[in-house]
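Enquirer: the sequence isn't on hand, but the structure is:
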Ligand code: GDP
């Protein structure tokens, strides 16, 4: 397979990959810190590019207007850059909880996670949810306590909160000297230096620590009470705090904690340098047969973790995002789709960065490739080269909880309506159902915002104005067709079928479901997914 690059080159290329996602509650500063990282990587020249501009590699399509209007990040994109000898892949994840399903799947495609926390707010709901997904994967988690330029909570409390709320040990890599207006700098335990917040001249940003872990008494900072406070906190951490343990970090049982201010670009570089030195290279993946696929294997393999239509509104396209799990990807290669056994030629791929300096032109294990897709792929698909079948486990899916009826406003535009419905549903964020006998369209989603995005995209990408009538929150339960009698349906348990034709009831509430169980005790009802 890898005829154009030597095994040695491939291994080297894989070893320098660092693929991670940033998780946070909305507004904690994920976008701002991402931008700072991209600045260090030389990918963008000024901050404000990622969310603001519509051109460039990250801003994707017109529907980002929704993001701007509502001030949230809806898209998951991939950003790649070279920094400090590493090739970094950042997989962006939407912060809004209505899109957490997309985020969950993206987290299946990374080797490490960065958790950004607002020091004024501590651990918030969405951070906690996403943390649990990362924790379940057993990958390393690095914490950035953000917004140090504002008054926040006591750093010791923030560390304690990691243990109390998330049950993960925190190890402070650095420590704030003051906060808000009183912010003087960081006490950097790892690099044994003090990093000043406002340094007068270049080169004076860092003051090395002596063997006692302090700075020279002649430095005016030693007079400052915040410096004294930081020293006593550090004493406490040294005496009674957690001991740094790389093995625990690797398993996700301990998180290295960094402090800083993404907005003023303080502490971000220190964090990035340290994080990249500790974050793992691409890891091995288990298949459903219990085999382990090593990233450096000769054969190529990967899985689809996300599908998105109309990345570029000028070309009608759908992109399947593939995490490369082993070997190297080359344009035009033939792969087998594990689900069908079919051979597919991967002629059309999009790279998230092209770099002339890189010897290995191909994407390798750890990278993400975007494949232009004409309907071959669904989320969770495994693809591979070679004779040995490679099938990775299914990705997490969630049963929708909110439902709406959809109809086109203009009956003359049925064609674009159906096309849009079909393509957007294939992305996986919303589910399509039809009423059992009358074939009316019903959409299900995990959050309301997904309907809004759907409606907006139908209008702007397919020129189809859709009418949505809310059905409200429902519990979806599948029923064995053998046991089904359509007369079991009522307005409180709507009978519909999913896209595979399987019948299910949409129960109005728990009460309606219990009533059904009592009335038809022999009828088996099941949730669809492991998350139910
Ligand atoms: P996201 O929703 O997590 O992507 O958050 P953003 O990066 O968009 O940041 C949310 C808001 O917090 C924006 O107004 C940022 O300018 C602001 N912000 C981000 N980082 C900092 C910081 O370090 N200090 C202060 N004061 N504000 C910040």
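Expert: Received, thanks. Note that this is a predicted model, so its numbers are computed, not measured.

Enquirer: any idea which residue of the stretch 401-532 of the chain lies closest to the ligand?
Expert: residue 449 (14.3 Å; CB to the nearest ligand atom). Where you see a C-beta, it was placed from the backbone N, CA and C, and this is true even at glycine.

Enquirer: ramachandran angles for that residue?
Expert: For residue 449, the backbone dihedrals are phi -60, psi -30 (criterion: degrees, to the nearest 10).

Enquirer: any low-confidence regions in the stretch 101-250 of the chain?
Expert: For the stretch 101-250 of the chain, residues meeting the criterion pLDDT under 70 lie at 199-203.

Enquirer: tell me how far the helix or strand hosting residue 418 lies from the chain's centre.
Expert: If you go by DSSP states H and E, residue 418 is part of helix 414-426. Its chain's C-alpha centre and that of helix 414-426 lie 26 Å apart, by CA atoms, centre = their mean, to the nearest Å.

Enquirer: what does that helix contact?
Expert: Applying CB atoms under 8 Å, 6 or more residues apart in numbering, the external contacts of helix 414-426 come out as 307, 309, 318, 375, 378, 406, 408, 430-432, 441, 443, 454, 457-458, 461-464, 466, 499.

Enquirer: in the helix or strand following that helix, what's buried?
Expert: Counting by DSSP H and E, the element after helix 414-426 in chain order, helix or strand, is strand 431-435. Buried residues in strand 431-435, counted by 16 or more other CB atoms under 10 Å: 431, 432, 433, 435.

Enquirer: tell me the helices and strands packed up against the helix or strand hosting residue 159.
Expert: For residue 159, the element it lies in under DSSP H and E is helix 155-161. Applying 3 or more CB pairs under 8 Å, 6 or more residues apart in numbering; DSSP states H and E, one finds that helix 155-161 contacts strand 169-172, helix 225-240, strand 254-259.

Enquirer: and for residue 14, the neighbour number?
Expert: Counted with other CB atoms under 10 Å, residues neighbouring residue 14 total 23.

Enquirer: contacts only, for the residue sitting nearest the centre point of the chain.
Expert: The chain has residue 93 as the residue nearest its centroid, 3.7 Å off, counting by CA atoms, centre = their mean. By CB under 8 Å, 6+ apart, the contact set of residue 93 is 21, 22, 23, 76, 102, 103, 106, 107, 130.

Enquirer: neighbours of the last one, how many?
Expert: When you say that, I think you mean residue 130. Neighbourhood size, residue 130 [other CB under 10 Å]: 24.

Enquirer: quick one, phi psi at residue 448?
Expert: The phi/psi pair for residue 448 (degrees, to the nearest 10) is phi -60, psi -40.

Enquirer: what of residue 391?
Expert: As for residue 391, its main-chain torsions (degrees, to the nearest 10) stand at phi -130, psi 110.

Enquirer: if I look at the residue nearest to the centre of the chain, how far off is residue 433?
Expert: 27 Å (CB to CB, to the nearest Å).

Enquirer: including pLDDT, could the buried residues of strand 431-435 go into TSV?
Expert: Below are the buried residues of strand 431-435 laid out as TSV (pLDDT from 0 to 100):
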residue	pLDDT
431	89
432	93
433	94
435	94
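
Enquirer: partners of the closest residue to residue 41 other than its chain neighbours in the sheet?
Expert: Spatially, and ignoring its direct neighbours in sequence, residue 41 is nearest to residue 81 (2.9 Å; CB to CB, 6 or more residues apart in numbering). In this entry, residue 81 is beta-bridged to residue 88, by DSSP bridges.

Enquirer: separation between residue 81 and residue 183?
Expert: From residue 81 across to residue 183, the span is 28 Å (CB to CB).

Enquirer: one more: residue 37?
Expert: Counting by CB to CB - residue 37 and residue 183 are separated by 21 Å.

Enquirer: now do the closest residue to the ligand within the stretch 101-250 of the chain: how many residues are near it, please.
Expert: Proximity of the stretch 101-250 of the chain to the ligand (CB to the nearest ligand atom) peaks at residue 147, 3.9 Å away. Neighbour count for residue 147, taken as other CB under 10 Å: 25.

Enquirer: residues contacting it?
Expert: 29, 118, 119, 120, 261, 262, 263.

Enquirer: re earlier: now the buried residues of strand 431-435 in a markdown table, with distance to residue 13?
Expert: A markdown table is the format used below for the buried residues of strand 431-435 (distance: CB to CB, whole Å):
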| residue | distance to residue 13 |
| --- | --- |
| 431 | 39 |
| 432 | 41 |
| 433 | 45 |
| 435 | 52 |
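
Enquirer: which among these are in contact with the ligand?
Expert: Among these, not one lies near the ligand by CB under 6 Å from any ligand atom.

Enquirer: closest to residue 506 among those residues?
Expert: Nearest to residue 506 among these, counting by CB to CB, is residue 433 at 7.9 Å.

Enquirer: the closest one and residue 447, how far apart?
Expert: For residue 433 relative to residue 447 (CB to CB), the value is 17 Å.

Enquirer: just the buried subset of the contacts of residue 147, please.
Expert: 29, 118, 119, 261, 262, 263.

Enquirer: can you list those residues in TSV and add secondary structure?
Expert: As requested, the buried ones among the contacts of residue 147 are arranged in TSV below (DSSP: H, G, I helix; E, B strand; the rest coil):
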residue	secondary structure
29	coil
118	strand
119	coil
261	strand
262	coil
263	coil
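
Enquirer: for the stretch 101-250 of the chain, what spans make up the helices?
Expert: Assigned by DSSP state H, counting those that start in this stretch, the stretch 101-250 of the chain shows helices spanning 125-137, 155-161, 225-240, 246-251.

Enquirer: and the contacts of residue 147 as TSV, adding distance to the ligand?
Expert: Shown next, in TSV, are the contacts of residue 147 (distance: CB to the nearest ligand atom, whole Å):
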residue	distance to the ligand
29	3
118	8
119	9
120	9
261	4
262	4
263	3
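
Enquirer: follow-up on the earlier one: would you point out the most distant pair within the contacts of residue 93?
Expert: Maximum pairwise distance among the contacts of residue 93 (CB to CB): 14.3 Å, between 22 and 102.

Enquirer: any idea how far the closest residue to residue 328 other than its chain neighbours lies from residue 408?
Expert: Excluding the flanking residues, the one nearest residue 328 by CB to CB, 6+ apart is residue 362, at 4.4 Å. Look at residue 362 and residue 408: by CB to CB, they are 44 Å apart.

Enquirer: what does this structure put close to the ligand?
Expert: Proximity of the chain to the ligand, by CB under 6 Å from any ligand atom, involves residues 24, 26-32, 73, 95, 146-147, 149-150, 261-263.

Enquirer: show the pLDDT at the spatially closest residue to residue 15 that is not a sequence neighbour.
Expert: Nearest residue to residue 15 in three dimensions, chain neighbours excluded: residue 281, at 4.9 Å (CB to CB, 6+ apart). With respect to pLDDT, residue 281 scores 98.

Enquirer: would you verify that residue 281 is located in a helix?
Expert: No. Remark: residue 281 does not belong to a helix; assigned using three-state DSSP, it is coil.

Enquirer: from residue 329, how far out is it?
Expert: In terms of CB to CB, residue 281 sits 17 Å off from residue 329.

Enquirer: what's the answer for residue 291, then?
Expert: 20 Å.

Enquirer: for these two, work out which one has more neighbours and name it.
Expert: For residue 291 and residue 329, the more surrounded residue by other CB under 10 Å is residue 329, and the numbers stand at 25 against 13.
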